[in-house]
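Asker: Any chance you could fold what I've pasted below:
(chains A and B)
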Amino acid sequence: QKEVEQDPGPLSVPEGAIVSLNCTYSNSAFQYFMWYRQYSRKGPELLMYTYSSGNKEDGRFTAQVDKSSKYISLFIRDSQPSDSATYLCAMSSSNTGKLIFGQGTTLQVKP
Amino acid sequence: GAVVSQHPSWVICKSGTSVKIECRSLDFQATTMFWYRQFPKQSLMLMATSNEGSKATYEQGVEKDKFLINHASLTLSTLTVTSAHPEDSSFYICSATSFQDKTETQYFGPGTRLLVL
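Answerer: Residues are numbered from 1 along each chain as shown, chains lettered A, B, ... in the order given. Take a look at the predicted model:
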């Protein structure tokens, strides 16, 4: 079993839809949770960073962490075609430790 | 802020040659840099952790004699793929840690695409 599981998709939605991306994990020591966006042939770009459980909102993006269920989510409101990319969840047991990445979910937002 | 660059962005080489990839933190000093490899439609796989002034720590299964890492300064780390073979063809990405808001965050470079013929 992988430490971090993420459905690779692809996920296709119409413009303006609410997108829900999810990851599950098995290591209860993870405390730092991140979402990265990666466009084709580019390096990952940090979107959201959350410590422990709870919600964090930044513009159209909301990150949720449920440590009791070992489940994290990223919501994208009013999705735009420019949001089309691969979204990677990543997590770590310490704020200086190595990141464990999910496989990434490919999202396509159709105009 | 927190910009990481990589050079070259892509390279094509013949089998048996060595290729050097540079990773630079442009506007901050990075004590730690990480090197990842990503195959098509797969996630990032950590290869090694590089700390300035000390030997890199390699992940299990990564040959340290094949993937030489040098972290010469707080803004530069290099990865040399020695005697490259076609199976080494991949997307190599580095990241550098920046301490912001009481936490260390990894910022990624744009990646280097290596094709070994």
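
Asker: Buried residues, the helix or strand bottoming out on mean pLDDT in chain B. List them.
Answerer: Within chain B, no helix or strand scores below strand B:103-108, which has a mean of 81 by mean pLDDT, DSSP states H and E. For strand B:103-108, burial by neighbour count (16 or more other Cβ atoms under 10 Å in any protein chain shown) applies to B:Glu104, B:Thr105, B:Gln106, B:Tyr107, B:Phe108. C-beta: built from backbone N, CA, C; applies to glycine.

Asker: And for stretch B:71-78?
Answerer: Within stretch B:71-78, the residues scored as buried using 16+ other Cβ under 10 Å are B:His71, B:Leu74, B:Thr75, B:Leu76, B:Ser77, B:Thr78.

Asker: What is the least confident helix or strand of chain B packed up against?
Answerer: strand A:32-38, strand A:45-51, strand B:90-100 (3 or more Cβ pairs under 8 Å, 6 or more residues apart in numbering or on different chains; DSSP states H and E).

Asker: Need the contact partners of it.
Answerer: Applying Cβ atoms under 8 Å, 6 or more residues apart in numbering or on different chains, the contact partners of strand B:103-108 are A:32, A:34, A:36, A:43-46, A:49, A:51, A:95-96, A:99, B:2-4, B:25, B:32, B:34, B:93-98.

Asker: Return a PyMOL selection command for the buried portion of those residues.
Answerer: In PyMOL, this line selects whichever of those come out buried by 16+ other Cβ under 10 Å:
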select buried, (chain A and resi 32+34+36+43+44+46+49+99) or (chain B and resi 2+4+25+32+34+93+94+95+96+97+98)
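
Asker: that older thread, only alpha carbons, please: show the least confident helix or strand of chain B as CSV.
Answerer: Taking Å, rounded to 0.1, in the frame of the first residue of the first chain, the C-alpha atoms of strand B:103-108 are listed here in CSV:
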residue,chain,number,x,y,z
THR,B,103,7.8,27.0,8.5
GLU,B,104,10.1,25.6,5.9
THR,B,105,8.5,25.3,2.5
GLN,B,106,9.8,23.6,-0.6
TYR,B,107,9.9,25.6,-3.8
PHE,B,108,10.5,23.8,-7.0
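
Asker: Strand B:90-100 and that strand, what's the angle between them?
Answerer: Going by axes from the mean of the first three to the mean of the last three Cα atoms, to 10 degrees, strand B:103-108 is angled at 150 degrees with respect to strand B:90-100.

Asker: Let me know the next secondary structure element after strand B:103-108.
Answerer: Scanning forward in sequence from strand B:103-108 by DSSP states H and E, the next helix or strand is strand B:112-116.

Asker: what helices or strands is that following strand leaning on?
Answerer: strand B:10-13, strand B:19-25, strand B:90-100.

Asker: which stretch of helix or strand covers A:Met91?
Answerer: Taking DSSP H and E as the criterion, A:Met91 maps to strand A:85-92.

Asker: mind checking how far that strand is from the chain centre?
Answerer: Relative to its chain's centre, strand A:85-92 lies at 5 Å (Cα atoms, centre = their mean, to the nearest Å).

Asker: Poorly predicted segments of chain B, please.
Answerer: For chain B, the stretches with pLDDT under 70 are B:1, B:100-103.

Asker: what residues does it put near chain A?
Answerer: B:4, B:6, B:32, B:34, B:41-44, B:46, B:49, B:91, B:93, B:97, B:103-111, B:113 (Cβ under 8 Å from any Cβ of the partner chain).
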